[in-house]
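Q: A predicted structure for the sequence below; I have some questions about it.
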Amino acid sequence: MTRSLLQLRISVEYARKRVLNDVSLEVAEGEILGLVGRSGEGKSTIALSILGLLALKGGRCEGEILYRDWDLLKLHPREMRRLRGKDIGLVPQSPLAALNPNVRLGSQLKEAWRAHERGEPDWKPLLESVSLPAEESFLRQYPRNLSVGLAQRFLIAMAVLHNPSLLIADEATSALDTITQAEILGLFRRLNQSRGIAILYISHDLASVASLCHRVAILHQGEIVECNSVDEVFLNPQHPYTKQLIDAIPQLPTVGASAMESGLARR
Amino acid sequence: MRLLLFTFATALLGGELRFALHQEPKTTDPLLMADESAEAIGYLTDGVLIRINRLTQRPEADLAMSWKVAKDGTKITFQLRQGVKFPDGSAFTAEDVVKTFHRLLDPTLHSPIADTFKTEKGSVKVSAQGPFAVVAEFPAPTASIESIFDQVAIGSGLGPFLVAERKSGVSIVLKKNPSYWKKPLPLVDTIRIDIEQNRDIELVRFRRGEIHLIDKLTPDLYERLAQDAPGTAVDAGPTLDSEFLWFNQAKRAPIPEPTKEWFRSTAFRHAISQAIQRADLCRVVYRGHATPAAGPVAPSNKLWFKEGMAPEAFDPAAAARLLAGDGFRLEKGVLRDRSGNAVEFSIITNAGNKTRERMAVMIQEDLTKLGIKINIVTLDFPSLLERMTRTLNYEACLLGLTNVNPDPSELMNVLLSSASNHPWNPSQKTPETAWEAEIDRLMLAQAATADHRARKKSFDRVQEILREQEPVVYLLHPNALSAVSKQVTGVKPTAFFPRTFWDAEHLSTTPKPAGGG
Amino acid sequence: MIRALAIGFLIAVLLAALLPARYEKQFRDSPNAGPSRQFPLGTDDLGRDRLSRLIYGTRVSLLLATAAALLSCAVAAALGGIAGLGIADTVIVGAADLFLSLPWLFLLLMVRACLPLNVSPMVSVTITFLLLGALGWAAPARVVRAAVRKLSVSDFMLQARATGCPQWRLLWRHLMPNAMPILLAQLWITIPAYVLAESTLGMLGLGVMEPLPSWGNLLRELEGGGIAGHPWLLAPVLLLAAVVGSFQAVVEREDYSV
């Protein structure tokens, strides 16, 4: 196993209500870790805690988040800001809502660049690397003209702009249709392989996790109930909750009659 | 006699008379009434000993069948009408009159009407002489003694109408008093009085036939009505009211010294007066429904107007000469006083009175031609009053005075230098100028005698002094403008309050003709 | 195209407003006259040329009401923005509520009592609009605060933070473009409101004093009705509507819709 990039052990409270209880996670350099749990289990809370943005939602985080040599919880807000976007990128859940509706794409990209660098780079390689049209006319558009898939690619482009070491994908594929989802998963895999970016892939969808991640952690009722390699978890689940999750994965229909069931399960 | 027969015929129809008042009456106590709305209700519901006929200006018998004034004007004896009953059936007697005056003169009541019956030497003594005779004895001879009894309501329930319903801020409904002595009057069964502050809406409702009378119309509304509905707008001729401008001459006024200096100069005041085009004010602002004023007394007040007094003629050249003679000089279109101060002052007037605002603008332009700069400031009435009577923080003021009674004593509270309403220098302990002292003396002298010729002589002199000194620049006397619906029969508009319903018991209404409007 | 027309119109109005006009001259022989060659919009009840008064009144109202509305909206943007971000929120909201509930009539009367009577009409009108501008921030500030509150918890603001955007750039580049249409909408309703408020204040001895014309006192002439058969009296209403509409057309930008 390679060197550890992120190592955290935290508890989180919202208005005296504990949502995360002594949760430990570790992401190695170049690794894709899946974090799985049902909606509302506190997966996004972990993402916000790492980015130091939990206070915006009124949460309080205790423990330690070690990133390389720093404890992020003890870092000065200024230092933390410099880390965000530059070293740790975020790919959000709802791509269209995450883009500023009244700012052109080009300006948003530029803003993200200017947050850490001066001047203006050539956007072409970046846009091409996420399979986006690299034309000027594209950058002059407003987000409302984009499809969800294009928007998500654009957000990924923004997230990898400064070549971060860690990408947090918070339900990044949940809002997408199956085909687009597959494309984006492919994109993540490519970024991981070509640039060595580590990914914390947060999802409630075990199937996508199985296809992308190296290891997977299962979050249940504020605690990590199981954390192991993908193969191990899927073939030999230890915790009853994990079993439940795996059972819920829709199977491809083998007989006509179960087609409906699978369709329902997917929704 | 024919008129009487006619009214008998319509009396059977009953009907409702409707009009509006601009404000809620502030009191229901007939002895405490000080506002016009309360007075209007009182006029319709209360009986008095003597009623001044608004049309003839003569005193007429009301609850007193006859009266007799002693030669020297210190005593008046009333013979009361017999058989008059209150609504509860009890008879009206001399005792009721005595009780009313006893209450009126009670100092704890603070009745504004009581002042008329008090002098320095004491107050009126009213006593009964048998069940139907009353004697009022005054401590000093009193001029036009009968007319002051028009204001005193005797008991309540003796007038032509009774208050039937009162909705605060909305309406007051009066119903016919079944025990009214002037049988079979009144002709209408009810009078509905709405409270309506907005005069434009009042006019709209009049046009729709919702109300029958408008007692006071502004000149612009009058013109509009006269155009749209000819025959309903009535100009009842000149009133005794006046509109005027005066300069603050009070020593303690917190205004610049040079300004006070100008205002104390008789030449300056004359010059201003001569530079104002009174005829234009009457013609443009009042659309011809006003008469230029020569003084406080309107020419229509034939008994007391000083013969031969003419309004100051418009003569800017003479005004300029007067100013030059007083050390003022015109430099590049700006008038400067002896010390070089540019002549500029403000005129305050009450906000919301469009007629007055318009007059002020015209005066402003007239005086510009003398090189005088005028700033017009409109103030809400309480602020205006505060400045006029208490802080004295103003320079010149444009206002009007409503006069109901043609008698000179009516002007006492304005002309006496000790009066708090003495416009240009109120509440003086002793008169500051010789001419004010002279006015005080003459006004008191005319009030202290019943001899008409002596009174006339004194009051003529007062009018002359006011003209010589011009502390107040009298501008014009407005006409009485009213509106009378064709649905009402018998209305004889006058120039005196209440203009249209002073004989409400004689008025009758016909239903609105179908399709009319 | 519409934008170009609107700009042209506004420039024309501005230029016309700067033309010399004898707005105070009384032609006393022709009061309340209808339109004629000498008086294209007729005369008022003192025989003053309505067109001259409208032109000069435009100068007074357009410049001052706009300036006052800008002042109000600037204060509203600053205070509402700060409060919306959660800084001194309770203090600012409290102040706004207080401002909205104050008995303004009474306070303005006190202001009038403190001012000297002998001020020239132009000074009086400037003071009035300054007052309006300085006191009118509360209502727009509440709107701005609500908008900023909503915006600051939006997904795109979170995302911008996640890209490491510094605080001031966050406000300037991400919040502002989204709060702007709301603020502009406030501006568009504030300008005509102030034009009318000025005429009401005239009743208290504040505002535009005679003989100075303003849109407010020109509009007040319509109060008593009498428009029937005198359609030219509507000229100030149309001008006000056209000017505010043009402002909207000129400043409205595609990228301001939220």
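A: Arrived safely.
Q: immediately after the lengthiest helix in chain A, which helix or strand?
A: The longest helix of chain A (DSSP state H) is helix A:178-195. The helix or strand immediately downstream of helix A:178-195 is strand A:198-203, counting by DSSP states H and E.
Q: for that next one, name the packing helices and strands.
A: Packing partners of strand A:198-203 (3 or more Cβ pairs under 8 Å, 6 or more residues apart in numbering or on different chains; DSSP states H and E): strand A:4-14, strand A:17-28, strand A:32-36, helix A:43-51, strand A:166-170, helix A:178-195, helix A:206-212. In this view, the C-beta of every residue, glycine as well, is placed from N, C-alpha and C.
Q: JSON lines for those, including mean neighbour count and mean pLDDT?
A: Converted to JSON lines, these look like this (neighbours: other Cβ atoms under 10 Å in any protein chain shown; pLDDT from 0 to 100):
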{"stretch": "strand A:4-14", "mean neighbour count": "18", "mean pLDDT": "91"}
{"stretch": "strand A:17-28", "mean neighbour count": "17", "mean pLDDT": "90"}
{"stretch": "strand A:32-36", "mean neighbour count": "26", "mean pLDDT": "93"}
{"stretch": "helix A:43-51", "mean neighbour count": "23", "mean pLDDT": "90"}
{"stretch": "strand A:166-170", "mean neighbour count": "24", "mean pLDDT": "93"}
{"stretch": "helix A:178-195", "mean neighbour count": "16", "mean pLDDT": "90"}
{"stretch": "helix A:206-212", "mean neighbour count": "20", "mean pLDDT": "88"}
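Q: re the thing from before, now what about the longest helix of chain A, what contacts it?
A: A:30, A:32, A:129-131, A:148-149, A:152-153, A:156, A:160, A:163, A:167, A:169, A:172-173, A:176, A:197-199, A:201, A:208, A:211-212 (Cβ atoms under 8 Å, 6 or more residues apart in numbering or on different chains).
Q: and the angle for that helix with strand A:166-170?
A: 170 degrees (axes from the mean of the first three to the mean of the last three Cα atoms, to 10 degrees).
Q: angle of helix A:178-195 against strand A:198-203?
A: Going by the same axes, to 10 degrees, helix A:178-195 makes 160 degrees with strand A:198-203.
Q: residue with max distance from the center of chain B?
A: What lies farthest from the middle of chain B is residue B:332; by Cα atoms, centre = their mean that is 43.8 Å.
Q: tell me the pLDDT of it.
A: What the model reports for residue B:332 is a pLDDT of 91.
Q: ok, and the closest non-adjacent residue to the residue of the stretch 151-258 of chain C found nearest chain A?
A: As assessed by Cβ to the nearest Cβ, chain A sits closest to residue C:164 within the stretch 151-258 of chain C, at 3.3 Å. Computed as Cβ to Cβ, 6 or more residues apart in numbering or on different chains, the closest residue to residue C:164 that is not its neighbour in sequence is residue A:85, at 3.3 Å.
Q: can you give me the mean pLDDT across the longest helix along chain B?
A: Criterion DSSP H: the longest helix present in chain B is helix B:452-469. Average pLDDT, helix B:452-469: 93.
Q: who does it touch, helix- and strand-wise?
A: helix B:266-275, helix B:434-447.
Q: where among these is average confidence lowest?
A: Among the helices and strands packed on helix B:452-469, helix B:434-447 carries the lowest mean pLDDT (a mean of 92).
Q: just list what that helix packs against, helices and strands only.
A: Partner elements for helix B:434-447 (3+ Cβ pairs under 8 Å, 6+ apart): helix B:412-415, helix B:452-469.
Q: now the ones you listed in a markdown table, with mean neighbour count?
A: Shown next, in a markdown table, are the helices and strands packed on helix B:434-447 (neighbours: other Cβ atoms under 10 Å in any protein chain shown):
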| stretch | mean neighbour count |
| --- | --- |
| helix B:412-415 | 17 |
| helix B:452-469 | 17 |
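Q: for residue B:369, which of those is the nearest?
A: helix B:452-469 (23.2 Å; Cβ to Cβ).
Q: where do the helices sit along the stretch 151-258 of chain C?
A: Counting by DSSP state H, counting those that start in this stretch, the segments of the stretch 151-258 of chain C that form helices are C:155-162, C:167-169, C:176-201, C:215-220, C:235-251.
Q: buried ones in the last one?
A: Put plainly, it is helix C:235-251. Buried residues in helix C:235-251, counted by 16 or more other Cβ atoms under 10 Å in any protein chain shown: C:235-236, C:239-240, C:243-244, C:246-247, C:249-250.
Q: tell me where the model's unsure across the chain.
A: You didn't pick a chain, so chain A it is. A:1-2, A:252-267 (pLDDT under 70).
Q: let's do chain C instead
A: Residues of chain C that meet the cut-off, pLDDT under 70, sit at C:21, C:202-205, C:223-228, C:251-258.
Q: looking at it, which helix is longest?
A: helix C:50-84.
Q: the inter-axis angle of that one versus helix C:176-201?
A: Computed by the same axes, to 10 degrees, the angle separating helix C:50-84 from helix C:176-201 equals 130 degrees.
Q: show me what counts as buried in stretch B:342-351.
A: B:343-351.
Q: re earlier: and the residue of the stretch 151-258 of chain C closest to chain A, how many neighbours?
A: For residue C:164, the tally of surrounding residues (other Cβ atoms under 10 Å in any protein chain shown) stands at 22.
Q: is it correct that it is in contact with residue A:78?
A: No. Look at residue C:164 against residue A:78 with Cβ atoms under 8 Å: they stay out of range, at 10.7 Å.
Q: just the mean pLDDT for stretch B:285-298, thanks.
A: In this model, stretch B:285-298 has an average pLDDT of 93.
Q: pull out the buried residues from it.
A: Quick answer for stretch B:285-298 (16+ other Cβ under 10 Å): B:285-287, B:289-298.
Q: okay, now it: how far is its last residue from its first?
A: 19 Å (Cα to Cα, to the nearest Å).
Q: which outside residues touch stretch B:416-425?
A: For stretch B:416-425, the external contacting residues (Cβ under 8 Å, 6+ apart) are B:246-251, B:263, B:388-389, B:397, B:399, B:412-415, B:426-432, B:436-437, B:439-440, B:443-444, B:471-472.
Q: thinking again about what came up before, does chain A sit close to the longest helix of chain C?
A: No. Using Cβ under 8 Å from any Cβ of the partner chain, helix C:50-84 never reaches chain A; the gap is at least 13.8 Å.
Q: so is the helix or strand just after that helix next to chain A?
A: With elements assigned by DSSP H and E, the helix or strand that comes after helix C:50-84 is helix C:89-101. No. Remark: helix C:89-101 sits outside contact range of chain A, by Cβ under 8 Å from any Cβ, the gap being at least 14.1 Å.
Q: centre of the chain to helix C:89-101, how far?
A: Centroid separation for helix C:89-101 versus its chain: 22 Å, with Cα atoms, centre = their mean, to the nearest Å.
Q: tell me the SS of the closest residue to chain B within chain A?
A: Nearest to chain B, among the residues of chain A, is residue A:102, at 46.8 Å (Cβ to the nearest Cβ). Under DSSP: H, G, I helix; E, B strand; the rest coil, residue A:102 falls in the coil class.
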